[in-house]
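A.B. asks: I need the structure of the sequence given here:
(one chain, ligands or ions: 1)
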Amino acid sequence: MTRVLIAEDEQRIVSFLQKGLRASGYSTVAVDTGPDAVALARDSAFDLLILDLGLPGLDGQEVLRRIRERGERMPVIILTARDGVEDTVASLEQGADDYMVKPFSAKELLVRVTAHLQMARLRRESSAAVLASEEQFR
Ligand code: CA
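C.D. replies: Residues are numbered from 1 along each chain as shown. Alright, predicted model coming up:
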């Protein structure tokens, strides 16, 4: 089953995300602090991370930096407030794949999650294909 990690401290938004994702067959785990997000992204295998920028403990940008520093490549979708444009741009530069401005619709969420999971799968398949073809010519 595809597993999505949600790092968000607003319970209302967590419920909204979980409801939409579960209805589409995804399994979800939610954390509400930055340190918990870093720890879970390290210890458990997730296919995608939905990351709020304004998290207690460590903000979303720092969470993202620590995760990418370890070479973790799972797709990351940033959640941001309407006035958070600069932070959003910085996050994209740090390796976030996409962002959504609050409030967003369940439909928008699911379209983006599906698209990024698909791209991640294609990336894995093409790097596996490259490895296989290199093997052939050895
Ligand atoms: Ca927040």
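A.B. asks: what about whatever residue of the chain ends up closest to the ion, how many residues close to it?
C.D. replies: Nearest to the ion in the chain, going by Cβ to the ion, is residue 54, at a distance of 3.6 Å. (Glycine included, C-beta is placed from N, CA and C.) Applying other Cβ atoms under 10 Å, we find 16 residues neighbouring residue 54.
A.B. asks: check contacts around it.
C.D. replies: The contact partners of residue 54, by Cβ atoms under 8 Å, 6 or more residues apart in numbering, come to 9, 60, 81, 84.
A.B. asks: if I read this right, the third one contacts residue 99, doesn't it?
C.D. replies: No: applying Cβ atoms under 8 Å, one finds residue 81 not in contact with residue 99, separated by 10.9 Å.
A.B. asks: ok, and the closest non-adjacent residue to residue 41?
C.D. replies: residue 67 (5.1 Å; Cβ to Cβ, 6 or more residues apart in numbering).
A.B. asks: circling back: just flag the most distant two among the contacts of residue 54.
C.D. replies: Greatest spacing in those, by Cβ to Cβ: 9 and 84 (14.8 Å).
A.B. asks: And the two? Which one has more around it.
C.D. replies: Neighbour totals were compared for residue 9 and residue 84, and residue 84 leads with 19 against 16 (other Cβ under 10 Å).
A.B. asks: thought the more buried one was touching residue 59?
C.D. replies: No: using Cβ under 8 Å, residue 84 is not in contact with residue 59, being 10.7 Å away.
A.B. asks: Find the residues that touch each one of the two.
C.D. replies: Common neighbours of residue 84 and residue 59 (Cβ under 8 Å, 6+ apart) are residue 53.
A.B. asks: contacting residues around the helix-or-strand element of the chain with minimal mean pLDDT?
C.D. replies: Least confident helix or strand of the chain, by mean pLDDT, DSSP states H and E, is helix 85-93 with a mean of 88. By Cβ under 8 Å, 6+ apart, the surrounding residues in contact with helix 85-93 are 53, 60-61, 64, 78, 80, 99.
A.B. asks: Do that helix and the ion come into contact?
C.D. replies: No: Helix 85-93 lies out of reach of the ion by Cβ under 5 Å from the ion, never closer than 11.8 Å.
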